[in-house]
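Got a sequence here, can you build the structure:
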Amino acid sequence: MKYDLHCHSVFSDGTWTPEDIIGFAKENELVPALTDHNTAAGLPRFVAAAHAKGVEAVAGVEFSSDFENAEFHILALFVESKYYSLVEEISLDYKKRKEESNVELIEKLNKAGYDISFEKLKQNAVTGSFNRAVIAAEMKKKGYVDSVDEAFRGVLNKKTGYYVPPKRKSSFEIIDFVKSINAVPVLAHPLISADSEVLEKFLPEAKKAGLLGMETRYSLYSREMSETASATAKKYGLLESGGSDFHGANKPDITLITGKGDLFVPEEFYLRLKRHQKTV
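Numbering: from 1, shown residues only. Take a look at the predicted model:
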């Protein structure tokens, strides 16, 4: 079996439906985790499709959170269906703050000459909520940029002044919540989210708060970065995890299972995380 414990669907900023992901998983002997941003809205369809096709799959969520001036993303893996409604209660606050941020960003882009419609993007979003990746995809579609990455490096980068991030819950609040719903909290792409100084400050506190794992295999990691991440996980007694962060056509250079071509998530990562879920 193959494993990919981090991917997105149309219920956040991906372009594949939950059923598309499960169909691919069936054909490729994959155990996928659906981890849409700050929502469990796609999980019922994802789990139902997995059951129908006999695919082992992981219900998850990727929560955005703040630690000092850094944004950390916390994955909740193995979310049980009885807790979906609690996730959605938290999601409502995220959506409100995100929409305010999107309105402000698009107003600034419009004034700068970019023809982007907030109402159109909202209408096309499955849940009515969207993020910068969707705006970047729209900019690419209209020819303002050649790629989503170019948009993120340019006008959608918070350093340019166009984008003001919404206020988020603290990382420790999110870790505590994930633990409270009997899911496994895993730090997503830590070497991408913050520099080593911030990360070394964050991890001891996060471990005490209940963080159980961190991604050591990720599409944007070099082999050296994966080795550094593994050493860091061992240093703090954290389980290892990994995933592609697949978004479909919104990030066309990243594929399920292999990421940018050489991603590999060992079975032992999955089994250790799964065993731990039963004991939290």
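
I'd like to know how far Leu220 sits from Leu271.
Leu220 sits 25 Å away from Leu271, going by CB to CB, to the nearest Å. C-beta: built from backbone N, CA, C; applies to glycine.

If you count surrounding residues, which of the two has more?
The neighbour count for Leu220 versus Leu271, taken as other CB atoms under 10 Å, is higher for Leu220 (14 against 11).

Contacts only, for the more buried one.
Counting by CB atoms under 8 Å, 6 or more residues apart in numbering, Leu220 touches His189, Ile192, Asp245, Gly259, Lys260.

Show the buried residues in the residues you listed.
When these are checked for burial by 16 or more other CB atoms under 10 Å, the buried set is His189, Asp245, Gly259.

will you turn those into JSON lines that also has secondary structure?
Converted to JSON lines, the buried ones among the contacts of Leu220 look like this (DSSP: H, G, I helix; E, B strand; the rest coil):
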{"residue": "His189", "secondary structure": "coil"}
{"residue": "Asp245", "secondary structure": "coil"}
{"residue": "Gly259", "secondary structure": "strand"}
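
Contacts for stretch 114-133, please.
10-13, 37, 39, 41-42, 95, 98-99, 102-103, 105-106, 109-110, 134-135, 138-139, 142, 144, 148, 151-152, 155-156, 163, 247, 250-251.

Which helix or strand lies directly C-terminal to the lengthiest strand in the chain?
The strand that spans the most residues within the chain, counting by DSSP state E, is strand 58-67. Along the chain past strand 58-67, the next helix or strand (assigned with DSSP states H and E) turns out to be strand 70-77.

Just the CA trace of that next one, in CSV.
Coordinates of each C-alpha in strand 70-77 appear next as CSV, following Å, rounded to 0.1, in the frame of the first residue of the first chain:
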residue,chain,number,x,y,z
ALA,A,70,4.3,32.6,12.7
GLU,A,71,1.4,30.7,11.1
PHE,A,72,1.4,27.0,11.9
HIS,A,73,-0.9,24.4,10.3
ILE,A,74,-2.1,21.6,12.5
LEU,A,75,-3.5,18.5,11.0
ALA,A,76,-6.2,16.5,12.9
LEU,A,77,-5.9,12.9,11.6
